[in-house]
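Novice: this is a predicted model, with the sequence first.
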Amino acid sequence: MIKTIILHEIRQHIFSLRLQLIFVIIFILFILGSVAYIFQFKSSINDYETFSGKAREELLNGRNRGLIRTGNRNVTTIAVENQNYILPPLKNGFIDDSKSKYIPNTIQFNAFNVFGYSVSRRSGNPYLSLSQELNWYFIVSLILSFAILLLSFDSVSGEKQSQTLSLILSNNVPRSLLLLGKYLSIIISSFLMLLPGIIAALIILLISGTIRFDSALLLEVCIFVTVQILFIACIAALGLFCSVISRSANISLLLCLSLWLLFLIFSPNLAVFSAENLFKIKNSETISAEIKTVQDAINKAAPEGSWSMNGGDPFYPKHELRAKNQTNLMNAEKQINDEWYNMQFGQYNHVTIFTCISPISLFGLISEAITGNGYLRFQKNWNDFHTFQSGFLTWFKAIDTNDPKSPHWYNPYEDCSTTRMPLKFEEIPIYTERMMTIPQRLTKALPEILLLVFYSFLLFGTTVIMFNRYDVR
Amino acid sequence: MIWHIAKKDFLLNIFSARFIIGVLICLILVPFTIRVSIDEYKSQLRIYAVDKEKSEKEWKEIKVYSNLKPEIVKYPEPLGIFYKGINQNVGNKVKIYLQEYPFFPTGHASTRDNPLLNAFFSLDFITVLSIVLSLLALVFSYDLITREHEDGTLKLIFTNYNSRISFLIGKITGVLISLLPILVFCFLLSSLFIVLSPDIKLQVSDWMRVIILFIFSILYVLIFILAGTFISAMVKHSSTAIVLSMLFWIWFVFLWPVSGSYLSKSIVKIDLYDNVRNSLDDLDKEYGKKEGEQWDAIQKSLNMKGTSWWNATGGEDGYFETYGSPSETMEFHRQLNTWKEPVRLLYADRKWPIQKKYLDGLIRQQKVEQNLSWFSPSEIFVQAASCLCRSSEKDFLRYMDEMRRYRETIVTFLKEKKLFEKYIYFTP
């Protein structure tokens, strides 16, 4: 029985104008997005290679910041130099880049500290309007969700208006079974609408040769496709729910669109609103003032000669005071900054919970976890950088300890009281990004996946109850 | 006759469920959106006050001309509450340097204190309006003709002496005046929020702009009503008309703007800014080498064996200040400044073409996006709003041109007064 209903509904969908038009739009978008992505990815990889080549060159030969001339390169200059690490472009950006251009993507560090993070100017053109990328996530979350609602809004109310519902139910068909059949047919039709686009996009990406498809990437694609079925199920349940609570197809459509708009607009605005009003954190001016106050106090309490320096003699006695003072300054700043960064992470995590009322945002969080991009990627790198920095410091101290020409007074900012041994470029510790493993990503996505499943069950369950009481006359 | 048709449609519409749902959507979205924008604006005002105070303090503490580096802090644009535009992507202050032309503002008044929150694209009033009004316009107009046709009333209407054109105009007017209360409600509500916020003060000219924005909104709604009517006239069934209307809406309001922006990034390639910065740093390096040679040459000409300073301090962009230093050190610096400051200005001129090339790339990319967006009524509306709210890229470019002219004024002043050659350039 259910098979007959599903096949009948799918056939009806396939021959409907709306499915055909949406299919064409989605197919075009997948192709357009893939072709544009190939150009952008190629260009960003070339740019990134030029940038990292220059960074390596600067690390070896010294850089010129402003008009300050750097001296000879040695182990200490490498250790104290403030370096920037920019997160490289990821090849899975065609699935979802999770707005990684707009969130922090640069980390400042040296051997003594991971100073902070920022959003690199490379992130794009400020003259362009802020918009999402034309990737799979965009197509599924925005266009497909809209298409599903267009497919489902009149599933019940439309049949009631055309008086076919009473005819169907005059047969020996349980209402729940009929609804389940309709529900499954919408899910299958939506997935079928998407599949050719995905296949075409994959073929284009494969043919281009720009993106190397390895097993990990293929697995990401498979998981994304699987999760999008869950998303389709949730939105289809929403469409059916709207169809059941109204008697006219027009009202169903308007309800569907209103909810869709609320999920799309209300959710990000709610995040910003709650950040400002419910989870307010200190602003940057307060932090700067706090740092200044603490540093002024340290400088005031520092013994005389703490700022003395003799570039030619590492053993100049006041270098020890200077190193101690600089370390105290750095630690004080680090403590305040780290606390502030943790507040920022906390604020982000709290407001993200608010966005979970929207299935579209929920799908965004799942997609971010699956691709290992966006905030999760940044946070992993941020944590990994702290491990790397402590290794970097250990490496530096090991060389310094073995140098009899060094007084071993560690100064986190200057090359004046530690080893001046030369070194080879190959010996410098270089940070390499380690992506989250697939099980780690799935673990991160699990709460959101469960919530999406819960929403689907809740919506469909409510729809079944309401449909059982639905007046079909 | 036109008025009769319009009045009938208006009365039918305002008691319809779609009107109530439309009002409800606006009632939820508009106050919330405006509240978020007002909060953001207040935060900008706070940052402006802090930056301004700091800048004025620094200005008052200037003792020597080598430290003459005014910092201009931009007052937040109050109309940004309606449409943020480019202001959300750029900083709020520009410092005037001799070694480089003003390029991009620094600071974060318009961006968020917590950069992680950039992941949430909060929508402003105009964007919400462009989405909601276009949707309502289509929902109200998609069945203007098809419904009459389906109900069989179309034939009845034309059996009288009604012309088809007056029927159409009446119908369109009916939908327009049905949507007007919603539009007025949105603008009044947002204006009320602004008036009730004590920190926000809009000038008369700003309110005039809001009124023009309102008129533009009516035109925008009219375009979508016409589109809906066109679709309704093209097809026979309301069910087909609604599907086509919705696809028209999603295409022009969501898809085309995103596709245009994405395609413009693929069509026009711009260099990585960090690589541009590296090219500028290379020129600094070249200059640094020359300065080193000149340093030695002047010391040699003055028969100095070394340089000793008293009470010396320095900073960015050639700032150097000393007092009580030996006279030969003072002379050394005078001669060095006489040579180096004009050379630094020349290097700024050499850097500018590199900056300009990058800037041109950005503008070219933006132009492609803009040209593509001409196909979308919602994008045209947003662009008109950005001009009215002084948050378009043209406003920003004009502002940066002004900053570069201001730098020229300072350079001319320093040159005309021959201050580089004087002791007061580096000693109070």
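Specialist: Now that the structure is in, tell me what you want to look at. Numbering: from 1, shown residues only, chains lettered A, B, ... in the order given.
Novice: can you show me the helices along the stretch 301-450 of chain A?
Specialist: A:318-355, A:359-371, A:374-401, A:438-468 (DSSP state H, counting those that start in this stretch).
Novice: just the stretch 151-300 of chain A next, same as before
Specialist: A:157-161, A:164-169, A:175-208, A:215-245, A:249-261, A:267-277, A:284-301.
Novice: may I see these arranged in a markdown table, with distance to chain B and mean pLDDT as well?
Specialist: To be clear about C-beta, it is placed using only N, CA and C from the backbone, and glycine gets the same treatment. Output for the helices of the stretch 151-300 of chain A, formatted as a markdown table (distance: least, Cβ to the nearest Cβ, whole Å; pLDDT from 0 to 100):
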| stretch | distance to chain B | mean pLDDT |
| --- | --- | --- |
| helix A:157-161 | 8 | 83 |
| helix A:164-169 | 13 | 82 |
| helix A:175-208 | 13 | 93 |
| helix A:215-245 | 11 | 94 |
| helix A:249-261 | 5 | 89 |
| helix A:267-277 | 4 | 83 |
| helix A:284-301 | 5 | 91 |
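Novice: mind listing the helices for the stretch 1-150 of chain A?
Specialist: Going by DSSP H, counting those that start in this stretch, the stretch 1-150 of chain A shows helices at A:2-14, A:17-61, A:75-80, A:136-138, A:145-152.
Novice: what would the ones you listed look like in a markdown table with mean pLDDT, distance to residue A:332 and mean neighbour count?
Specialist: As requested, the helices of the stretch 1-150 of chain A are exported to a markdown table (pLDDT from 0 to 100; distance: least, Cβ to Cβ, whole Å; neighbours: other Cβ atoms under 10 Å in any protein chain shown):
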| stretch | mean pLDDT | distance to residue A:332 | mean neighbour count |
| --- | --- | --- | --- |
| helix A:2-14 | 87 | 65 | 15 |
| helix A:17-61 | 87 | 28 | 18 |
| helix A:75-80 | 89 | 18 | 22 |
| helix A:136-138 | 93 | 42 | 26 |
| helix A:145-152 | 92 | 49 | 26 |
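Novice: quick one, which of these gets closest to residue B:402.
Specialist: When the helices of the stretch 1-150 of chain A are compared for distance to residue B:402 using Cβ to Cβ, the nearest one is helix A:17-61, at 31.0 Å.
Novice: what packs against the closest one?
Specialist: Packing partners of helix A:17-61 (3 or more Cβ pairs under 8 Å, 6 or more residues apart in numbering or on different chains; DSSP states H and E): strand A:83-86, helix A:136-138, helix A:145-152, helix A:175-208, helix B:238-249, helix B:256-267, helix B:273-301.
Novice: coming back round to it: could the helices of the stretch 151-300 of chain A be laid out in TSV, adding distance to residue B:300 and mean neighbour count?
Specialist: As requested, those are arranged in TSV below (distance: least, Cβ to Cβ, whole Å; neighbours: other Cβ atoms under 10 Å in any protein chain shown):
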stretch	distance to residue B:300	mean neighbour count
helix A:157-161	93	20
helix A:164-169	101	14
helix A:175-208	61	19
helix A:215-245	63	21
helix A:249-261	75	23
helix A:267-277	61	21
helix A:284-301	38	14
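Novice: residue B:248 is nearest to which of the ones you listed?
Specialist: helix A:249-261 (13.5 Å).
Novice: list of residues touching the closest one?
Specialist: Helix A:249-261 has contacts (Cβ atoms under 8 Å, 6 or more residues apart in numbering or on different chains) with A:145-146, A:149-150, A:152-154, A:156-158, A:161, A:238-239, A:242-243, A:245-246, B:17-18, B:21, B:24-25, B:29, B:131-132, B:135, B:139, B:143, B:239, B:242, B:246.
Novice: next: stretch A:188-208.
Specialist: Taking Cβ under 8 Å, 6+ apart as the rule, stretch A:188-208 contacts A:6, A:9-10, A:13-14, A:19, A:22-23, A:26-27, A:29-31, A:33-35, A:37-38, A:94, A:136, A:139-140, A:144, A:147-148, A:151, A:211, A:213, A:221, A:225, A:228-229, A:232, A:236.
Novice: residue nearest the centroid of the chain?
Specialist: This is for chain A. Nearest to the mean C-alpha position of chain A, by Cα atoms, centre = their mean, lies residue A:374 at 1.8 Å.
Novice: wait, chain B
Specialist: Most central in chain B (Cα atoms, centre = their mean) works out to residue B:86, at 2.1 Å.
Novice: can I assume that one is in contact with residue B:389?
Specialist: No: between residue B:86 and residue B:389 there is no contact under Cβ atoms under 8 Å: 10.4 Å.
Novice: to residue A:415, which of the helices and strands packed on helix A:17-61 lies closest?
Specialist: strand A:83-86 (14.6 Å).
Novice: paired strands for that closest one, with orientation please.
Specialist: strand A:106-109 (antiparallel) (DSSP bridges).
Novice: who's in contact with the strand it pairs with?
Specialist: Outside strand A:106-109, the residues that reach it (Cβ under 8 Å, 6+ apart) are A:82-87, A:114-120, A:381-382, A:385, A:388-389, A:392.
Novice: buried stuff in that strand?
Specialist: A:106, A:107, A:109 (16 or more other Cβ atoms under 10 Å in any protein chain shown).
Novice: my guess is the residue nearest to the centre of chain A contacts residue A:102, does it?
Specialist: No: between residue A:374 and residue A:102 there is no contact under Cβ under 8 Å: 9.6 Å.
Novice: for the residue nearest to the centre of chain B, what are its contacts?
Specialist: A:126, A:127, B:386, B:391, B:392, B:393, B:395, B:396.
Novice: out of the residues you listed, which are buried?
Specialist: Buried among the contacts of residue B:86 (16+ other Cβ under 10 Å): A:126, A:127, B:386, B:391, B:392, B:393, B:395, B:396.
Novice: just the closest of those to residue A:58, please.
Specialist: When the buried ones among the contacts of residue B:86 are compared against residue A:58 (criterion: Cβ to Cβ), the nearest one is residue A:126, at 25.7 Å.
Novice: need phi/psi at the closest one.
Specialist: Main-chain torsions, residue A:126, degrees, to the nearest 10: phi -70, psi -20.
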